[in-house]
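**Student:** Structure of the sequence below:
(one chain, ligands or ions: 1)
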Amino acid sequence: MSDNPVNFMYRRDFLESLGKLSVGAAAAGGFGIGAARARERQEQKEWKPVSLRKVRVGIVGYGVCRFGAAFGFQDHPNVDVVAVSDLIPDRCDALMKACRCDKSYESLEKMVKDKRIEAVFVATDAPSHARHCIEVLRHGKHVMTAVPAVFGSIEQADQLLEAVQESGLKYMMAETSCFRPDCYAMREVYRAGGFGRLIYSEGEYYHFHSKQIGSFKGWRIGLPPLWYPTHSTAYYVGVTGKRFTSVFCCGSNCGIPSYEPGANKYNNPFTDEVALFKTSEGGSSRMLMCKGINKLVVERGRVFGEKGWMDGTEYHGVAKDLPDTIRPPLPPGVPAGGHGGSHGQLSNEFITSIIEDREPLVNIYEALAMTVPGIIAHQSALKDGETLAIPQYERPKA
Ligand SMILES: NC(=O)c1ccc[n+]([C@@H]2O[C@H](COP(=O)([O-])OP(=O)(O)OC[C@H]3O[C@@H](n4cnc5c(N)ncnc54)[C@H](O)[C@@H]3O)[C@@H](O)[C@H]2O)c1
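**Tutor:** Okay, here's the model as predicted:
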């Protein structure tokens, strides 16, 4: 497989921020035209406002990743950031400053009572996402959450789905891979019929565990790898909107002490998990999350269909007249942000879905279809690769 430099995260983001990445070095950015050129083409597109309305947003969570302020809500012309919150006072103050907001609450639970707030971005710790989103929805507010939608629990998935369905409000999971340039292009090509049926796909989240990343109450310590599957599974579900139906998975351990039996609260012995899924269109898909491969930190994927394939943003296949695969423009002032410039796209998608009163791209059904298969894959790995069925989350028939 060819390298896909679009998705190597930290080194690339760092070089780009210094303006040191040349068009040549960034080859494979957009149908072979280079990532920098693809970005240029995106910037040449003119953003057209759909409304002058401002959605009143609350933001929660300014932890290790500083995610609360990372999606550009505070810069979006259709957003008024009304209030922010973090349990830790210093973080709460820093989030206020970063969002240029003068109101804060000491917790999400207090913030959701503010009747001015219409929508909340939940950027709290992963174990709390489902509970926090349910709390927001029960207070009559739309919600966008950082990944994953639920944390290792099928019960949480059922409860979250019920809360979204009962509320009739917008729910969106901010899966960054879904708006990376390559995944965006694959989705456009798939929708235009450029692949036909996908025979096979691959999604990869390699995050070499050189040192333990911090986290609220230590939720990252010993985390089962495929409880955090969505950066990978987006390269099938986020391309096709189709589903995984069954899985078998292999786990392995590269020797990190916190992943020894009994050394973590999940009783998880694996640093690396590789899963093979059957898909609802009769194909297969290999999805992984690995922490043990030295020096490798990347999120990427590739898709192989009856009419063509993509690894990066370049299409190889027989289809003609393919659509524009460059991502839409962002409102002036909204930064593209991290993870392949996906952050601005995600906040814009969420806000636009509220204004246009339509489903956001990564709605509850897509979010669970990207998250739950990883939970089942981990169960399979614990059973030495037994094949297990994946629960399906259907939209109620009208
Ligand atoms: N590419 C990606 O999509 C990506 C990358 C990094 C992180 N993430 C996700 O972003 C989220 C945030 O990551 P992080 O590393 O900053 O998390 P973290 O664990 O470091 O911090 C979570 C923060 O939430 C706050 N919080 C928890 N409960 C709260 C409550 N009830 N009210 C107010 N504040 C509360 C905590 O005080 C803490 O500061 C995580 O869920 C993570 O999975 C996604």
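**Student:** check which helix or strand covers the residue lying closest to residue 235 once chain neighbours are set aside.
**Tutor:** Of all residues not flanking residue 235 in the chain, residue 301 sits nearest, at 2.5 Å (CB to CB, 6 or more residues apart in numbering). For every residue, glycine as well, the C-beta is placed using N, CA and C. Taking DSSP states H and E as the definition, residue 301 sits inside strand 297-305.
**Student:** residues in contact with the residue nearest to residue 235?
**Tutor:** 177, 182-183, 186, 201-204, 232, 234-236 (CB atoms under 8 Å, 6 or more residues apart in numbering).
**Student:** ok so, going back, which strands or helices does whichever helix or strand comes after the strand holding residue 301 pack on?
**Tutor:** Sequence order places strand 308-311 as the next helix or strand after strand 297-305, per DSSP H and E. Applying 3 or more CB pairs under 8 Å, 6 or more residues apart in numbering; DSSP states H and E, one finds that strand 308-311 makes contact with helix 181-191, strand 297-305, strand 315-317.
**Student:** Who does strand 308-311 pair with, and is each partner parallel or antiparallel?
**Tutor:** strand 297-305 (antiparallel), strand 315-317 (antiparallel) (DSSP bridges).
**Student:** quick one: buried residues of the last one?
**Tutor:** This points to strand 315-317. Neighbour counts over strand 315-317 (16 or more other CB atoms under 10 Å) mark 315, 317 as buried.
**Student:** Residue 68 contacts residue 62, correct?
**Tutor:** Yes. Counting by CB atoms under 8 Å, residue 68 does reach residue 62; the two are 4.5 Å apart.
**Student:** any common contacting residues for these two?
**Tutor:** 84, 86, 95, 98, 123.
**Student:** picking up where we left off before, quickly list what the residue nearest to residue 235 is bridged to.
**Tutor:** residue 203.
**Student:** how far away is it from residue 229?
**Tutor:** 12 Å (CB to CB, to the nearest Å).
**Student:** Pull up the per-residue confidence for the residue nearest to residue 235.
**Tutor:** With respect to pLDDT, residue 301 has a value of 98.
**Student:** and what of the one 4 residues further on?
**Tutor:** The predicted local distance difference test score for residue 305 is 98.
**Student:** ok, now residue 393?
**Tutor:** On the pLDDT scale, residue 393 gets 97.
**Student:** State the number of residues packed around it.
**Tutor:** 17 (other CB atoms under 10 Å).
**Student:** Now the closest residue to it other than its chain neighbours: which helix or strand?
**Tutor:** Nearest residue to residue 393, sequence neighbours excluded (CB to CB, 6+ apart): residue 368, at 4.5 Å. Assessed by DSSP H and E, residue 368 sits inside helix 364-382.
**Student:** And what about residue 129, helix, strand or coil?
**Tutor:** At residue 129 the chain is in helix, as set by DSSP: H, G, I helix; E, B strand; the rest coil.
**Student:** OK, contacts around it?
**Tutor:** Going by CB under 8 Å, 6+ apart, residue 129 touches 122, 145-146, 148-151.
**Student:** Restricted to helices, list those.
**Tutor:** With helices defined by DSSP state H, no entry of these lies inside them.
**Student:** now, which of those sits nearest residue 104?
**Tutor:** Distance to residue 104 across those (CB to CB) is lowest for residue 122, with 15.7 Å.
**Student:** Surely the closest one touches residue 141?
**Tutor:** No. With contact defined as CB under 8 Å, residue 122 does not reach residue 141; the gap is 10.4 Å.
**Student:** Neighbour count for those two, which is higher?
**Tutor:** More neighbours surround residue 122 than the other of residue 122 and residue 141, with 26 against 23 (other CB under 10 Å).
**Student:** Stretch 329-345 near the ligand at all?
**Tutor:** Yes. Stretch 329-345 reaches the ligand (CB under 6 Å from any ligand atom) through residue 339.
**Student:** Need the distance between the two termini of that stretch.
**Tutor:** Taking CA to CA, to the nearest Å, stretch 329-345 runs 8 Å from one end to the other.
**Student:** mind listing what's buried in that stretch?
**Tutor:** Within stretch 329-345, the residues that count as buried by 16+ other CB under 10 Å are 329-331, 334, 336-345.
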